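Engineer: attaching a predicted model along with its sequence, questions to come.
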Amino acid sequence: KDMNLNTVRLEGKMEDDYFIDLADRYGILVMPGWCCCDSWQHWPYWKDEQYTIASESLITQGKRLRIHPSVFVFVYSSDELPPVQVEKTYLLALQQSLWPNPALAAASNRTSTLTGPTGVKMTGPYAWEPPNYWLLDTYQLGGAFGFLTEGGPGENPLSKQSFDLTIPDQHQWPINSYWNFHCGAQFGSFGNLDYFTPSLMTRYGNSDSATDYLEKSQVATYEAHRAMFEAYGRNKYTSSGLIQWMLNSPFPSMIWHLYDYYFSPSSTYFATKRSCEPLHAQYSYDDNSVWIVNSLYVPQKDITVKAEIYSITASLLYSHTSTTSQISADSSIPVFTLPISTLSNLTTTFFVRLELTQPSTSYQTINFYWLSTVPDVLDWDDSTWYQTPCTSLADLTMLQTLPPVTLHIDVSFGESSNHDRVSMEERRDEQKQDSSINYRDEKQKTVPLKWNATTSFFDQTELSVGGQSEEVTATVAVTNPSSVIAFFIELRVVDALGKDVLPIFWDDNFFSLLPGETRTVTTRFNDNTSSVSVVAQVWNNICGGK
């Protein structure tokens, strides 16, 4: 819900009644169904016992879920269309359970002789794709048309802080079997990062450390996931829905999640939150057009969009402002097209900043893109069920030339807590962070976080520390006083040991600042540690200065 998503799909892993009750309460739709690739789809081997179990299972789930307003459909097969006899068994079970809602014979684009076409697709991708993929594919694969029941840009390496909890120090670089173990099944198509890594390094530059690689991964996955959600939003209702593969992971994973095993919200979390916000301005990778997407169910009036294009050195190359008198409810409209190809002094890597404002509501949102004059070129003829490769890739390597920056940061904590201010310089020396702010001490017990070498997991029991937990809020103002763009700033709340306080909610994160620009964001978290501080990381100081 915080990411502005409205649906959770359950593929065979049914949640308990408490989960469904919460979905009812918070207005989250639930799309349950049976799983692929296991006994639920091994129909040639079914005997009377399997038919009985399948029937009774669906009757039970139908009776349990039918009263919940959040549950809007049941998908009684995933990848494949069930045989006629199996589908008849399921349809009878639904009838016996008095199921009141639609049901789908498959999550893929199939046509049943009993129930007709499913009206949805399951065409992937399940691996990284460049941002223009979603708008260029208009009829055959996972592009922004139809209802995609599962798909996404695949690989999503852990943040450095989660990575440090998962991979022992001596195995962190170069990429090795320890990394691969935290990808998909080792015998399948997703057991490593071999497809993702060459594209990442071609587009963003070679890496010589895990820190550099993981920072570039955060940038690349933000770019890829934002493009996917924005394409589906722009094309409503030629596109009618999208289920991201996947929401989260029950295991520290390098693929398929919007927040990780440790409940750390990665860059993709905020890419999703930004692209799905109720009133949104976005750039189109297919034709350089700028659109407004209104996901509210009432018309919106007097919306202003300002577009600016900057060179890698922060020179303003273009500015245009347009006001739209009205946009219909739940719709999208183009407002203008950026004349990128006509601009002089355009650097190979450049930036587009979109700012949407609505004076009557004081609403403001900023969307910041990093683009290349060199396009990503997809090889559609070589597509598989899980990816479309590229014949050539964009050049974003000039991002590595961004000079280091020192950010000015100010924090105001909620009134319920006492906070002692520590200077940026003192805290930077203490924690070796790029920028940092405010220190807090309540004299509560802190237990060190412990790595379990036997299980290769972080012992979660060590997360329980003394002191009663309370929700803390903080307002963080970040200023870029330099003459260069501060690119891809991540804010974190950490305890006295430098470990992230999780779970945590930010209204925005992983943002960029122009020279002299200030951004104010808020956060909330449950604090049961002895001390907390807010620290900032920025691309310039990790991957820049080259």
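Structural biologist: Nice, thanks for sending it over.

Engineer: for the nearest residue to P359 once chain neighbours are set aside, give me its contacts.
Structural biologist: Leaving aside its sequence neighbours, P359 sits nearest to D302 (CB to CB, 6 or more residues apart in numbering; 6.5 Å). Just so you know, the C-beta spots here come from the backbone N, C-alpha and C atoms, and that holds for glycine as well. Residues counted as contacts of D302 (CB atoms under 8 Å, 6 or more residues apart in numbering) are T323, T324, S325, Q326, Q358, P359, S360.

Engineer: got a PyMOL select line for the buried ones in those?
Structural biologist: Buried residues within the contacts of D302, by 16 or more other CB atoms under 10 Å, are selected in PyMOL with:
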select buried, resi 324+358
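
Engineer: check which helix or strand covers the residue nearest to P359.
Structural biologist: Secondary structure from DSSP states H and E places D302 in strand 300-311.

Engineer: mind checking pLDDT for L449?
Structural biologist: With respect to pLDDT, L449 has a value of 32.

Engineer: ok so, going back, packing partners of whichever helix or strand comes after the strand holding D302?
Structural biologist: Going down the chain from strand 300-311, the next helix or strand is strand 316-327, by DSSP H and E. Applying 3 or more CB pairs under 8 Å, 6 or more residues apart in numbering; DSSP states H and E, we find strand 316-327 packed against strand 289-294, strand 300-311, strand 331-337.

Engineer: so which of those gets nearest G498?
Structural biologist: Of all those, it is strand 300-311 that lies closest to G498, at 33.8 Å by CB to CB.

Engineer: shouldn't F525 be within a helix?
Structural biologist: No - the assignment for F525, made by DSSP: H, G, I helix; E, B strand; the rest coil, is strand rather than a helix.

Engineer: and L407, how far from Q41?
Structural biologist: 52 Å (CB to CB, to the nearest Å).

Engineer: then S264?
Structural biologist: S264 sits 34 Å away from Q41, going by CB to CB.

Engineer: looking at the two, which is more packed in?
Structural biologist: Using other CB atoms under 10 Å, the more surrounded residue of S264 and Q41 is S264, with 20 against 17.

Engineer: please tell me how far that one sits from Q161.
Structural biologist: Plainly put, S264 is 7 Å away from Q161 if you go by CB to CB.

Engineer: overlap in contacts of the two?
Structural biologist: With CB under 8 Å, 6+ apart, S264 and Q161 have common neighbours D500.

Engineer: could you report the pLDDT at the closest residue to W40 other than its chain neighbours?
Structural biologist: What sits nearest to W40 in space, not counting adjacent residues and going by CB to CB, 6+ apart, is W34, at 4.3 Å. W34 carries a pLDDT value of 98.

Engineer: does W34 touch V75 like I think?
Structural biologist: Yes - applying CB atoms under 8 Å, one finds W34 in contact with V75, separated by 7.0 Å.

Engineer: mutual contacts of the two, please.
Structural biologist: Taking CB under 8 Å, 6+ apart as the contact rule, W34 and V75 both touch E11.

Engineer: and the helices and strands packed on strand 316-327 as TSV, adding mean pLDDT and distance to Q186?
Structural biologist: As requested, the helices and strands packed on strand 316-327 are exported to TSV (pLDDT from 0 to 100; distance: least, CB to CB, whole Å):
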stretch	mean pLDDT	distance to Q186
strand 289-294	98	40
strand 300-311	98	44
strand 331-337	98	42
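
Engineer: what's the closest of those strands to L91?
Structural biologist: That would be strand 331-337 among those, by CB to CB, at 36.4 Å.

Engineer: give me the contact list for that closest one.
Structural biologist: With contact meaning CB under 8 Å, 6+ apart, strand 331-337 is reached by 233-236, 281, 287-294, 305, 307, 320, 322, 324, 327.

Engineer: please repeat the previous calculation with a cut-off of 7 Å.
Structural biologist: Residues outside strand 331-337 that contact it (CB atoms under 7 Å, 6 or more residues apart in numbering): 233-234, 236, 287-294, 305, 320, 322, 324, 327.

Engineer: can you name the element that comes right after the lowest-mean-pLDDT helix or strand in the chain?
Structural biologist: The helix or strand of the chain with the lowest confidence, counting by mean pLDDT, DSSP states H and E, is strand 457-458 at a mean of 33. Of the helices and strands lying after strand 457-458 in sequence (DSSP H and E), the nearest is strand 470-479.

Engineer: next one: that following strand to chain centre, how far?
Structural biologist: 22 Å (CA atoms, centre = their mean, to the nearest Å).

Engineer: what's the first helix or strand after that strand?
Structural biologist: Counting by DSSP H and E, the next helix or strand C-terminal to strand 470-479 is strand 486-495.

Engineer: which strands and helices sit next to that next one?
Structural biologist: Here strand 486-495 touches strand 511-513, strand 518-527, strand 532-538, helix 539-542, going by 3 or more CB pairs under 7 Å, 6 or more residues apart in numbering; DSSP states H and E.

Engineer: then it to PDB, C-alphas only?
Structural biologist: What follows is strand 486-495, C-alpha atoms only, in PDB (Å, rounded to 0.1, in the frame of the first residue of the first chain):
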ATOM      1  CA  ALA A 486      24.100  15.000  -6.400                       C
ATOM      2  CA  PHE A 487      22.900  11.800  -8.000                       C
ATOM      3  CA  PHE A 488      20.900   9.100  -6.400                       C
ATOM      4  CA  ILE A 489      20.900  10.000  -2.700                       C
ATOM      5  CA  GLU A 490      19.900   7.200  -0.300                       C
ATOM      6  CA  LEU A 491      18.800   8.000   3.300                       C
ATOM      7  CA  ARG A 492      19.100   5.400   6.000                       C
ATOM      8  CA  VAL A 493      18.300   5.300   9.700                       C
ATOM      9  CA  VAL A 494      21.000   3.300  11.600                       C
ATOM     10  CA  ASP A 495      21.600   2.300  15.200                       C
END
